[in-house]
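Novice: Here's a sequence, model it:
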Amino acid sequence: MMYETDYREARDNPKAFWSAQAEKVHWFKKPTKVLSQDKNGIDRWFADGELNTSFLALDYHVLNGRGDQAALIYDSPVTGSKRSYTYRELTEEVALFAGVLAARGVEKGDRVVIYMPMVPEAAIAMLACARLGAVHSVVFGGFAPNELAVRIDDATPKVLVTASCGIEVDRIIPYKPIVNDALAMASHRPDSCVVLQREQHPCDLIAGFDLDWKEALASASPADCVPVLSTDPLYVLYTSGTTGKPKGVVRDNGGHAVAMRYSMDSVYNIGPGDVFWAASDVGWVVGHSYIVYAPLITGCTTVFYEGKPVKTPDAGAFWRVCAEYKVKALFAAPTAFRAVRKEDPECALAGQYDLSALTTIFMAGERLDPPTYDWVVGHLKRPVVDHWWQTETGWAIAGNHVGYGLAETKPGSVTRPSPGFNVHILDGHGKPVPAGEQGSIAIRLPMPPGCLPTIWNNHDRFVDGYLSTFDGYYVSGDGGYIDKDGYLFVQGRTDDIINVAGHRLSTGEMEEVVAGHDAIAECAVIGQASDLKGEEPLGLLLLKDGVTIDEATLESEVIQRVRDNIGAVASFRHAVVVQRLPKTRSGKILRKVLRNIANSEEYQTPSTIDDPACLVEIEEVLSKKGLRK
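Specialist: Below you'll find the model as predicted:
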């Protein structure tokens, strides 16, 4: 595979390029239309092709001799459970649960909401929906009742699938009371609810509405795969919206399958029989794309992990899993490795495990700061691939594509755009800017296969939010620049660009500099209102475990670092030590809420936050130091 050749081909002749990629996918009816437009004028891929995603992920491999290969390995340090499913076993389980759903009236096009922890049954439920041509919507387990209710009302599912509980390192989260409260709040009520009873915390079932998972399977008949059009929806995944109402990102079947198969080759260099581990959750897009669909469509073994990078039982958890299952590629968010670094600064625990099978480490989900990159490369002696993508795109917009041969890396860069993503940097008027100049990252239409074609139940919101800013472009909402060598640097959301006395400055760039201090494990830099300069940066610092340093000295040193590396123009004058940074459950720092707190603005605690109590702690720290506006 040659990157430059494929990138140009995908840009200049997308129909030919993606037609060739579609040949790697088994179609019930091969498409004759490669790229066309629907009634809304939106580009659609392989519109008249027919296939079934569950067939591609399961039955196809059984029919082609992979039935006895491990398809899914479940490893749960929080329960002490482990199990491996062969492709044949997983196909049988999925067919049976599809029969359970069919018996509850689920048909092609119906929606099923899945509210599950990281257990194999979550993947089984997703694949069972796909088998029937039904549309699944996975809601991250542990979301509050109101957030679940909003998604139930938008998706209007025929059936809801849940578990009696989720299990964290230090607590059990009863799911069924959350589901019951959500159903009481929601206007829409599903016909029934299938409940996986977990021995750690069984729940009471509602007669006539709730159905025990195991009992239902015992009496079920397996269901066959239902052919669907390429453009029929596979799933709806809700992501945060600026209005507060979640956006239901729609993923189609055909374009998604082609993109997943291609990306495993090009981005990850993973093929049939390889063991791939995306250390995420099925509630997020990474879990959909790279825990469930892409590895199984490719014929890999995927690792399903119910645990954390630390405290299950220690900071060697990742290395233990990689060694035990001979993982070839590990994919996690940078925040996971920062957590490991914080607890095991010298990465000593990695030396206890045989990591000879591990060839590459991938990171995405947030900006990869150079100190974290350097730490992982320095201790693991493996290539670390930073790649950038969004829930909306479903796969990497840009990265260092291992399948094409690793390119030279540049600190802070996600390397080069993926073939199919025609990336441009635009100014406020939609005009391209010179190399090295910052602007809005936009993608020239058509978007490649796998990207969202609309927002569920709200196409106008899709057009207004993504296509209307710059004519002919999808706007990513991120700012950055492309250097003279074609390397893309993502500087963060466009609202993370602060304006200091007329100078547009990236808080992400400042975070890189601050995080390079030896005492700092992690940091966030936010823009704070300033009467004199419009905005000024404020640093929030998290120390490494065991580090003691005078806070005034630390503040002085990080201020000097910013001055030395960025200049006095940054006006970086304040930095405070905090015990925790507010993050989503997928590891992203909630910078917008931090800005609200620093500016004494009203805010709503995000539904995705992992630990709401830390917001109060930060308010108190900033107030005590007189740093709240």
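Novice: For the residue of the chain most remote from its centre, give me its contacts.
Specialist: Within the chain, Leu532 marks the point farthest from the mean C-alpha position, 38.8 Å out by Cα atoms, centre = their mean. Contact criterion Cβ atoms under 8 Å, 6 or more residues apart in numbering gives Ala501 as the residues in contact with Leu532. (Each C-beta comes from the backbone N, C-alpha and C, glycine too.)
Novice: First-to-last residue distance for stretch 137-147?
Specialist: Its start and end residues considered, stretch 137-147 measures 13 Å (Cα to Cα, to the nearest Å).
Novice: ok, and what's touching that stretch?
Specialist: 111-118, 122, 126, 148, 151, 155, 157, 163, 166, 173, 175, 178-179, 181-182, 184-185, 235-238, 246, 248, 281-284, 287-288, 585, 607-608.
Novice: tell me how far it is from the chain's mean position?
Specialist: Going by Cα atoms, centre = their mean, to the nearest Å, the spacing between the C-alpha centre of stretch 137-147 and its chain's C-alpha centre is 16 Å.
Novice: What of stretch 166-186?
Specialist: Remark: stretch 166-186 is offset 22 Å from the chain centroid, using Cα atoms, centre = their mean.
Novice: Endpoints of it, how far apart?
Specialist: In stretch 166-186, first residue to last residue: 22 Å (Cα to Cα).
Novice: what's next to the longest helix along the chain, contact-wise?
Specialist: If you go by DSSP state H, the chain has its longest helix at helix 87-103. Around helix 87-103, the neighbours that count as contacts under Cβ under 8 Å, 6+ apart are 54, 58-59, 61-62, 66-69, 71-72, 85, 112, 121, 124-125, 127-129, 131-132, 134, 159, 194, 211, 213, 216-217, 220-224.
Novice: any idea how far it is from the chain center?
Specialist: Centroid separation for helix 87-103 versus its chain: 26 Å, with Cα atoms, centre = their mean.
Novice: buried residues in that helix?
Specialist: Of the residues in helix 87-103, those buried by neighbour count under the rule 16 or more other Cβ atoms under 10 Å are 87-91, 93-102.
Novice: Show me what secondary structure element comes after that helix.
Specialist: Using DSSP states H and E, the helix or strand that follows helix 87-103 in sequence is strand 111-115.
Novice: circling back: mind pulling the model confidence for the residue farthest from the centre of the chain?
Specialist: Leu532 is assigned 74 on the pLDDT scale.
Novice: Over to Thr243?
Specialist: 51.
Novice: picking up where we left off before, and what about the residue farthest from the centre of the chain, helix, strand or coil?
Specialist: coil (DSSP: H, G, I helix; E, B strand; the rest coil).
Novice: Likewise for the one 3 residues further on?
Specialist: Three states are possible here, and by three-state DSSP the one that applies to Glu535 is strand.
Novice: can you pull up the bridge partners for it?
Specialist: The partner list for Glu535 in beta bridges (DSSP bridges) reads Ala529.
Novice: Would you confirm that it contacts Ile526?
Specialist: No. Glu535 sits out of contact with Ile526 when judged by Cβ atoms under 8 Å, with a separation of 9.4 Å.
Novice: Neighbour count for these two, which is higher?
Specialist: When neighbours are counted by other Cβ atoms under 10 Å, Glu535 and Ile526 differ, and Ile526 comes out ahead with 24 against 21.
Novice: how far away is that one from Met260?
Specialist: Applying Cβ to Cβ, to the nearest Å, one obtains 36 Å for the distance of Ile526 from Met260.
Novice: and the contacts of stretch 137-147, which are buried?
Specialist: Using 16+ other Cβ under 10 Å as the burial test, the contacts of stretch 137-147 include 111-118, 122, 126, 148, 151, 155, 157, 163, 166, 175, 178-179, 182, 235-238, 246, 248, 281-284, 287-288, 585, 607-608 as buried.
Novice: Work out the gap between stretch 491-500 and the centre of the chain.
Specialist: In terms of Cα atoms, centre = their mean, the gap separating the centre of stretch 491-500 from the centre of its chain is 22 Å.
Novice: buried set for that stretch?
Specialist: Of the residues in stretch 491-500, those buried under the neighbour-count criterion (16+ other Cβ under 10 Å) are 491-494, 496-498, 500.
Novice: hang on, the earlier thing: can you list which of the buried ones among the contacts of stretch 137-147 are found in helices?
Specialist: With helices identified by DSSP H, the entries of those that belong to them are 122, 126, 148, 151, 155, 178-179, 182.
Novice: Could you pull up the residues touching Thr70?
Specialist: You called it Thr, but residue 70 is Ala. Under the criterion of Cβ under 8 Å, 6+ apart, the contact list for Ala70 reads 84-86, 301.
Novice: State the number of residues packed around Ala71.
Specialist: Ala71: 25 neighbours (other Cβ under 10 Å).
Novice: How much space separates it from Gly248?
Specialist: Distance from Ala71 to Gly248, by Cβ to Cβ: 29 Å.
Novice: Take the contacts of helix 87-103 and keep only those in helices.
Specialist: Secondary structure from DSSP H places 54, 61-62, 121, 124-125, 127-129, 131-132, 213, 216-217 of the contacts of helix 87-103 in helices.
Novice: Can you say which of those are buried?
Specialist: Neighbour-count burial (16+ other Cβ under 10 Å) is assigned, among those, to 54, 61-62, 121, 124-125, 127-129, 131-132, 213, 216-217.
Novice: In those residues, find the pair that's most separated.
Specialist: Taking Cβ to Cβ as the measure, those span a maximum distance of 25.9 Å, between His61 and Ala216.
Novice: from memory Gln528 sits against Ala598, does it?
Specialist: Yes. Gln528 is within contact range of Ala598, at 4.7 Å (criterion: Cβ under 8 Å).
Novice: shared neighbours, these two?
Specialist: With contacts taken as Cβ under 8 Å, 6+ apart, the residues that reach both Gln528 and Ala598 are 538, 627, 629.
Novice: Ramachandran coordinates for the first one?
Specialist: I take that to be Leu538. When read as degrees, to the nearest 10, the backbone of Leu538 gives phi -130, psi 130.
Novice: need the contact list for the closest residue to it other than its chain neighbours.
Specialist: Setting aside the residues directly before and after it, Leu538 is nearest to Gln528 in space (Cβ to Cβ, 6 or more residues apart in numbering), at 4.6 Å. With Cβ under 8 Å, 6+ apart as the criterion, the residues that contact Gln528 are 535-538, 595, 598-599, 627, 629.
Novice: Make a PyMOL selection of whichever of those residues turn out to be buried.
Specialist: Those of the contacts of Gln528 that meet the burial criterion (16+ other Cβ under 10 Å) are gathered into one PyMOL selection, given here:
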select buried, resi 535+536+537+538+595+598+599
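Novice: Name the spans of the chain whose pLDDT lies under the cut-off.
Specialist: 1, 240-244, 495, 502-504 (pLDDT under 70).
Novice: domains for it, by residue range?
Specialist: For the chain, automatic domain parsing gives the domain ranges 3-307+387-480, 501-624.
Novice: Turn those into TSV, columns for distance to Ala357.
Specialist: Output for those, formatted as TSV (distance: least, Cβ to Cβ, whole Å):
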stretch	distance to Ala357
domain 3-307+387-480	7
domain 501-624	25
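Novice: Mind checking those for the one nearest to Cys322?
Specialist: domain 3-307+387-480 (7.1 Å).
Novice: Any idea how far apart the tips of that closest one sit?
Specialist: 22 Å.
Novice: And stretch 111-127, by the same measure?
Specialist: Start to finish, the residues bounding stretch 111-127 are 13 Å apart (Cα to Cα).
Novice: Now do it: distance to the chain's middle.
Specialist: Its chain's C-alpha centre lies 16 Å from the corresponding centre of stretch 111-127 when counted by Cα atoms, centre = their mean.
Novice: Stretch 85-98 too?
Specialist: Using Cα atoms, centre = their mean, the distance from the centre of stretch 85-98 to the centre of the chain it belongs to is 26 Å.
Novice: Quick check: Glu187 vs Ser413, distance?
Specialist: That one is not Glu; residue 187 is Ser. 47 Å.
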